[in-house]
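Engineer: Give the three-dimensional model of this entry:
(chains A and B)
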Amino acid sequence: MIKRIKENFSLIAFAGLIIIVLVVFSSASEQFMTLGNMLKAFKHLSITAISALGLTFVVAIGHNDMSFHYFSCFAAMTMSWLIGLGFPPVPSILIGLLPAVFFGWINGVAIGTFKLPDMIVTIGLGSAVYGLAYIYSGGSYIYKNFLQSGILELNNGKLGSLPVPVVFLILLYGVSWIVLHHSVHGRRFYAIGSNKTAALFSAIPVRKYIIAAFIICALLSSFTNMIQIAAQGKGYLKGGLMLLMPSWAAVFIGISIFKKPTVYGTFLGAFLISIMQNGFTMLSVPFYFMDFVIGIVLILSIIISGLDVTRIKPKSLLKKRSKV
Amino acid sequence: MQGSVKNKLEIIFRPNTILLWILLLLVLFFSSRSVAFRSVDNLMEVLRSCGIIALMVLGVTWIVASGETDISFPEIAGYASMMTALMVKNGLTWGLAAGIAISTGVLYGFLSGTLITRFRFPALIATIAVGSLAKSIANMINKGQPLYLMNIDPSIQFIVYGKVFGIPVLFLVVVIIYLIAAWIQDHTTTGQHLYALGENRTAALEAGIKEKRIIISFFALSALLASVSGVLLAASFSSGQPRIGGSFFIDGLTTVFLGAMIIKAGKPNVIGTLIGAVIISVLSNGITMMGVPYYIGSIIKGLLMITGVAVIVLSRKGIIK
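Structural biologist: Residues are numbered from 1 along each chain as shown, chains lettered A, B, ... in the order given. A predicted model of the protein is given here:
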């Protein structure tokens, strides 16, 4: 029994943290525990969670991505521009996702095939793409056709009683969970993440998996930003920039719970972050306190998981450093 | 005869000098296209503005060279600028205000250094966390709004805007700091250790290099210099700007990574960073002077960075000769 507790110490600590957060918020604000707010919280959760899901794949193959939020700006601006031209929503979304696939592919080729350092490539390409995103409107808002086109349904619409973003959240997490934890592909992602050379000699097409991971990351973050734009009701450039911090935080809180990047870990990380964001919004705490709290939670969660309670040597996993 | 000319050309156009040629081309291009760019005043302004960014990323250069990453420096600079503004607003002298801002700014460096060495955080995530702390504290100081200042102390004014023999004081100071740093990097054991850590962490540890002490002091140094440049920013804008960080994030890292391509092909080094800062500064200024939208600048910087790193890596493998 004690052994079990020791093994799952960080999971128990995390559950404790969630309970504390829930108790604090529900005692501070009466509206917090209502059904309506919970649905709203889940809608909000889908934004952080889907973007972090894409990043999980990149972290699983042992790379860093500092460009997905820039790509998401470009993709969402492409979509807004197409909407402004009078395209219907679904084609606009699909065409808007194409550049994300392309940029993710470039990332993957540069890092996987040409072995360029991931930090430099992603920041360089990211900044270039972000500059490119200004082309659509010069940085100003795109309002045209937004209300008539029906793109707002991407955020407001409901399928049965579930909001559309939550439906996508469930779908994407379900698929990723099967892919990453119950298929040969998942094993290969982790194999590449722990030892590329060994993976290559085990006849795993390493380059293809690296390219795939970067494409998935770019795609999901771009889709997230589209939901966010639909929620705002106008196309604006800087919306995607705020995806970076929560996504990384969610993935790493997940790693600190389960000692490796996992789909469920990322979900729990995103859940913790967005429940806190929601709670603070309910208490009408200003936005800039959010970063502080996320930073503290991130630091605490990794410190807790790094403490030598478990004896599974989490160090070896967290030690993986960015190679620049 | 033919051969020796070819040899000389090969020496002049080695991959690790290619960035100097790009800098030359940029200066020539902007000078030919814009009268305003080639005026002496403007060229001095370019040097002045490269001073601040060069100061900010000196520590980052060594951090990246030793195999870590630091992305918290722009937020720390924003914090220091807000802190200085707050202290001056409350009636402290500029010297004291700057001292408080810088000494508290260094704490962020110690924090990320400790997290990385003691708790084995990946550097990226530690600096994301610490950077977000710095950012939100900077925002808390004045509820997310800039804090404007009425008077700037003349001695700080002199450092930021003054000129000696027509050259900006700030640039001269930064060059001196960089020369000292270059000496430390190339002629002391610390410099050797830092590249040893970057080359092979395990081997460096086995050889008895005090990894923890070196890494923590690098992060502290980076935070210190970021805070100093934050104070200078507060003086040059006559205000504390909580969100100044965002604009220095890409420029700062581009500077370091571009600089890595000069001199020590592929490894960040201080002289390279200084040249990188000049390139970034020339680019931003030239683009403004030509009246081209500024986002073209970030496209060019990004592409320059990727091409540069591709040239270095591929030439090492012998794919490009």
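
Engineer: Spit out the contact partners of the nearest residue to residue B:261 once chain neighbours are set aside.
Structural biologist: Spatial nearest neighbour of residue B:261, excluding adjacent residues (C-beta to C-beta, 6 or more residues apart in numbering or on different chains): residue B:308 at 4.6 Å. No exception for glycine: its C-beta is placed from N, CA and C like everyone else's. By C-beta atoms under 8 Å, 6 or more residues apart in numbering or on different chains, the contact list for residue B:308 reads B:18, B:19, B:257, B:258, B:261.

Engineer: pLDDT score for the first one?
Structural biologist: Which is residue B:18. Per-residue pLDDT puts residue B:18 at 75.

Engineer: Counting by contacts, list what the helix or strand harbouring residue A:212 packs against.
Structural biologist: If you go by DSSP states H and E, residue A:212 is part of helix A:206-232. Where contact means 3 or more C-beta pairs under 8 Å, 6 or more residues apart in numbering or on different chains; DSSP states H and E, helix A:206-232 is packed against helix A:35-60, helix A:68-85, helix A:89-108, helix A:153-156, helix A:164-181, helix A:184-194, helix A:196-201.

Engineer: would you list those in TSV and tack on mean neighbour count?
Structural biologist: Output for these, formatted as TSV (neighbours: other C-beta atoms under 10 Å in any protein chain shown):
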stretch	mean neighbour count
helix A:35-60	23
helix A:68-85	27
helix A:89-108	20
helix A:153-156	17
helix A:164-181	17
helix A:184-194	18
helix A:196-201	14
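
Engineer: Surely residue A:250 touches residue A:276?
Structural biologist: No. Judged on C-beta atoms under 8 Å, residue A:250 makes no contact with residue A:276 at a distance of 11.6 Å.

Engineer: picking that back up, from residue A:94, how far out is the residue nearest to residue B:261?
Structural biologist: 35 Å (C-beta to C-beta, to the nearest Å).

Engineer: swap in residue A:24?
Structural biologist: 42 Å.

Engineer: who are the neighbours in contact with residue A:77?
Structural biologist: Applying C-beta under 8 Å, 6+ apart to residue A:77 gives the contacts A:133, A:136, A:137, A:142, A:235, A:237.

Engineer: let's see 6 Å
Structural biologist: A:133, A:136 (C-beta atoms under 6 Å, 6 or more residues apart in numbering or on different chains).

Engineer: and the residue of chain A found nearest chain B, which of the three is it?
Structural biologist: Residue nearest to chain B within chain A (C-beta to the nearest C-beta): residue A:128, separated by 2.8 Å. Using DSSP: H, G, I helix; E, B strand; the rest coil as the criterion, the local structure at residue A:128 reads helix.

Engineer: In what element of secondary structure is the closest residue to it other than its chain neighbours found?
Structural biologist: Nearest residue to residue A:128 in three dimensions, chain neighbours excluded: residue B:302, at 2.8 Å (C-beta to C-beta, 6+ apart). Assigned by DSSP H and E, residue B:302 belongs to helix B:295-317.

Engineer: Find the nearest non-adjacent residue to residue 144, please.
Structural biologist: I'll assume chain A. In space, and not counting its chain neighbours, residue A:144 is closest to residue A:84: 4.0 Å by C-beta to C-beta, 6+ apart.

Engineer: meant chain B, my bad for not saying
Structural biologist: Using C-beta to C-beta, 6+ apart and skipping residues adjacent in sequence, the residue nearest residue B:144 is residue A:288, 5.3 Å away.

Engineer: for residue A:211, what are its contacts?
Structural biologist: Residue A:211 neighbours (C-beta under 6 Å, 6+ apart): A:108, A:112.

Engineer: Would you mind measuring from it to residue B:192?
Structural biologist: With C-beta to C-beta as the criterion, residue A:211 and residue B:192 are 38 Å apart.

Engineer: ok so, going back, wouldn't the residue nearest to residue A:128 be in contact with residue A:126 here?
Structural biologist: No. Residue B:302 is beyond contact range of residue A:126, at 7.1 Å (criterion: C-beta atoms under 6 Å).

Engineer: Could you look up the SS state of residue A:151?
Structural biologist: Three-state assignment for residue A:151 (three-state DSSP): coil.

Engineer: Determine how far stretch B:55-66 lies from the middle of the whole chain.
Structural biologist: The chain centroid and the centroid of stretch B:55-66 are separated by 7 Å under C-alpha atoms, centre = their mean, to the nearest Å.

Engineer: same question for that stretch, mean pLDDT?
Structural biologist: For stretch B:55-66, the mean pLDDT works out to 87.

Engineer: ok, now stretch B:300-311?
Structural biologist: On average, stretch B:300-311 scores 82.

Engineer: Tell me the buried residues in it?
Structural biologist: B:300, B:301, B:302, B:304, B:305, B:306, B:308, B:309, B:310, B:311 (16 or more other C-beta atoms under 10 Å in any protein chain shown).

Engineer: What of stretch B:283-300?
Structural biologist: B:283-289, B:295-300.

Engineer: now those residues in a markdown table, with distance to chain A?
Structural biologist: Shown next, in a markdown table, are those (distance: C-beta to the nearest C-beta, whole Å):
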| residue | distance to chain A |
| --- | --- |
| B:283 | 12 |
| B:284 | 12 |
| B:285 | 17 |
| B:286 | 15 |
| B:287 | 11 |
| B:288 | 14 |
| B:289 | 18 |
| B:295 | 4 |
| B:296 | 7 |
| B:297 | 7 |
| B:298 | 4 |
| B:299 | 4 |
| B:300 | 8 |
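
Engineer: What is the nearest of these to residue A:173?
Structural biologist: residue B:298 (33.8 Å; C-beta to C-beta).

Engineer: interface residues of the stretch 1-150 of chain B facing chain A?
Structural biologist: Residues of the stretch 1-150 of chain B lying close to chain A (C-beta under 6 Å from any C-beta of the partner chain) are B:64, B:69, B:119-122, B:124-125, B:128-129, B:132-133, B:135-136, B:139, B:144.

Engineer: Let's see that with 8 Å instead.
Structural biologist: The stretch 1-150 of chain B comes close to chain A at residues B:64, B:67-69, B:71, B:115, B:119-126, B:128-133, B:135-137, B:139-140, B:143-144, as judged by C-beta under 8 Å from any C-beta of the partner chain.

Engineer: any idea how far the residue nearest to residue B:169 when sequence neighbours are not counted is from chain A?
Structural biologist: Excluding its sequence neighbours, the residue lying closest to residue B:169 (C-beta to C-beta, 6+ apart) is residue B:162, at 4.4 Å. Residue B:162 sits at a distance of 33 Å from chain A (criterion: C-beta to the nearest C-beta, to the nearest Å).

Engineer: So which residues of chain B form strands?
Structural biologist: For chain B, applying DSSP state E gives strands covering B:147-148, B:163-164, B:167-168, B:239-240.

Engineer: Single out the most deeply packed of the ones you listed.
Structural biologist: strand B:239-240 (a mean of 25; mean count of other C-beta atoms under 10 Å in any protein chain shown).

Engineer: what packs against that strand?
Structural biologist: Using 3+ C-beta pairs under 8 Å, 6+ apart, strand B:239-240 sits against helix B:73-89, strand B:147-148.
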